[in-house]
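**Student:** Sequence first, then the predicted structure:
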Amino acid sequence: MFTFILVVQAIVAALLVTVILMQKSEGGGLGVGGSPAGFMSARGAADFLTRSTTILAAIFVTLSVVLAVIASIQHRPSDIDTSLVKQAPQGPATTAPAPATGNDPLAGAAGAASSNAANGAVPLAN
């Protein structure tokens, strides 16, 4: 139903654009000559195109509202496709972190003193 109404709205939109482009910018309609009192005279064409524009615009707006209502009613939560998600590599188990070295400024004074002593350096006095 949604697709059918969407196609009808596209047709109405194309007709609306065509009817609007056929009108003169000053409201004269097609501007074709002919009998002054006939249906397709300048005045008759202007009335026909103006009326057609009004009707097509009303139909277009109505179809837009109907499509919005249908879309909000038929809105289903989408399922997330996880088939392309990369799995974490299955490698060897991680080991404990290595002890801090003397070059690590975040190891603290005690850690630096013990690591410096292990490296043969003289620890600083506190």
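**Tutor:** Happy to help now that I have it.
**Student:** packing partners for the helix or strand hosting Ile5?
**Tutor:** Secondary-structure element containing Ile5, defined by DSSP states H and E: helix 2-22. In this structure, helix 2-22 packs against helix 42-73, with contacts taken as 3 or more CB pairs under 8 Å, 6 or more residues apart in numbering; DSSP states H and E. All C-beta atoms are positioned from the backbone trio N, CA, C, and that covers glycine.
**Student:** any idea how far Ile20 is from Ile59?
**Tutor:** Ile59 sits 14 Å away from Ile20, taking CB to CB, to the nearest Å as the criterion.
**Student:** ugh, typo on my part, it should be Ile55
**Tutor:** Here the criterion is CB to CB. By it, Ile55 lies 13 Å from Ile20.
**Student:** Give me the neighbour count for Pro89.
**Tutor:** With neighbours defined by other CB atoms under 10 Å, the count for Pro89 comes to 5.
**Student:** And the pLDDT for it?
**Tutor:** With respect to pLDDT, Pro89 has a value of 70.
**Student:** on that earlier part again, more crowded one of Ile59 and Ile20?
**Tutor:** Ile59 (16 against 13).
**Student:** Assess the claim that the more buried one and Leu15 are in contact.
**Tutor:** No. Under the criterion of CB atoms under 8 Å, Ile59 is not in contact with Leu15, lying 9.1 Å apart.
**Student:** What are the buried residues along stretch 49-58?
**Tutor:** Buried residues in stretch 49-58, defined by neighbour count with 16 or more other CB atoms under 10 Å: Leu49, Ser52, Thr53, Leu56.
**Student:** Distance of the third one relative to Gln23?
**Tutor:** When you say that, I think you mean Thr53. Relative to Gln23, Thr53 is positioned 7 Å away (criterion: CB to CB).
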